[in-house]
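1. Kindly generate the corresponding structure for this input.
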Amino acid sequence: MTPPLIILNPAAQSEKAVRLTERLERVCAGAEIRLSERPGDGERIARAAVVEGYTTIVAAGGDGTINEVVNGIAGSASLGKSKPILGILPVGTMNVFALELGIPLNSIEKAWDVIRRGTIRQLDLPKAGDRYFVQLGGAGLDAEVVRRTTRESKKALGPMSYLVSLAQVAGQKPPPITITCDRGLEHTGSFVLFGNGRYYGGPFRMFRHGSQTDGLLDVLVFKNQSIWDLFRYMQAILMGQHPNLSDVEYFQTGTLSLSAEEPVPYELDGEMLGYLPLCVTIDRGALSVLAPA
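-> Numbers count the residues shown, from 1 in each chain. Sure, this is the predicted structure:
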């Protein structure tokens, strides 16, 4: 049986990164470890691993690392190879996908034990444009926050770095976004969040009916973006009442189209990738993941 391949994003060539690598070598005995040193490396390493015949590829990092690895293995069919199984070691800044799956966040040993047990879950795999994502995406406000948050800031402040960027963006008047769902219904808003699960940005249960196995995207359309409106939204999110607000629309759809007459950025799994327009679809049961049952 082919041993697992671990793709590690050490975040920085530092003493901390060296210690993390050495710890993985001890805990994950028998697995091969390859380092991702710059953006895009995770995808390239995963694609090469598919060609080499690896059947289990483990993403060791945060949601951005998982996104790269998934995009690397998703094209296995075009290479004439069977699709590898994804494993997750959540050692990144943001680990929302691992939280969604119930993978232990604060113990490499426990997360590795999940991989060793070999319980495979078949999850839906959404796609936006030509990129797959695993957990969440957004257009407008949150994408602009991601765009402004530098890697250096994330290394220094962790998740707090996003709040610093939010303070810079809050209150700006954005171009309106037109949102079209698979029933042909149109919605308009200041910013949009869409997901393939319940959680967004951490332990916030953003999508009330979110599921990774129902073949549907969950969508939230926020109508306004003044500082007061953002304060109301954040307060309601903390209380789990945001879908009940009169200026928030929540729905599920199999496909999603987003457009705007001015440049509006979008992000997937916490990485800013481009500007609208964008079409989002979902492949049901297309991702095999090692996770708690």
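2. So M239 versus D142, what's the distance?
-> Using CB to CB, to the nearest Å, M239 is found at 20 Å from D142. All C-beta spots, glycine's among them, are computed from the backbone N, C-alpha and C.
3. So for those two, which sits in the more crowded spot?
-> Between M239 and D142, counted using other CB atoms under 10 Å, D142 has the larger neighbour count: 26 against 9.
4. I figured the more buried one hits E267, correct?
-> Yes. Judged on CB atoms under 8 Å, D142 makes contact with E267 at a distance of 6.4 Å.
5. next helix or strand past the worst-scoring helix or strand of the chain on mean pLDDT?
-> Every helix and strand of the chain was ranked by mean pLDDT, DSSP states H and E. The lowest is helix 151-157, at a mean of 71. Downstream of helix 151-157, the next assigned helix or strand under DSSP states H and E is helix 160-169.
6. Buried residues of that following helix, list them for me.
-> Neighbour counts over helix 160-169 (16 or more other CB atoms under 10 Å) mark S161, Y162, S165, L166, V169 as buried.
7. Which two among the residues you listed are spaced furthest apart?
-> Pairwise distances among the buried residues of helix 160-169 were taken by CB to CB; the largest, 13.1 Å, belongs to S161 and V169.
8. Contact partners for the most centrally placed residue in the chain?
-> Centre of the chain computed as the mean C-alpha position; nearest residue by CA atoms, centre = their mean is D269, 2.6 Å away. Going by CB atoms under 8 Å, 6 or more residues apart in numbering, D269 touches D63, G64, I66, N67, F97, F133, V134, Q135, L136, G137.
9. Test my guess that the second one contacts P90.
-> What it means is G64. No. In this structure G64 lies outside contact range of P90 using CB under 8 Å: 12.0 Å.
10. Tell me the buried residues within the contacts of D269.
-> D63, G64, I66, N67, F97, F133, V134, Q135, L136, G137.
11. Out of the residues you listed, list just those in strands.
-> The members of the buried ones among the contacts of D269 that map onto strands under DSSP state E are L136, G137.
12. Distance to L157 added to the buried ones among the contacts of D269, as JSON lines?
-> Output for those, formatted as JSON lines (distance: CB to CB, whole Å):
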{"residue": "D63", "distance to L157": "17"}
{"residue": "G64", "distance to L157": "16"}
{"residue": "I66", "distance to L157": "21"}
{"residue": "N67", "distance to L157": "21"}
{"residue": "F97", "distance to L157": "21"}
{"residue": "F133", "distance to L157": "24"}
{"residue": "V134", "distance to L157": "24"}
{"residue": "Q135", "distance to L157": "22"}
{"residue": "L136", "distance to L157": "21"}
{"residue": "G137", "distance to L157": "23"}
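13. In helices only, show me the buried ones among the contacts of D269.
-> Taking DSSP state H, the ones among the buried ones among the contacts of D269 that sit in helices are D63, G64, I66, N67, F97.
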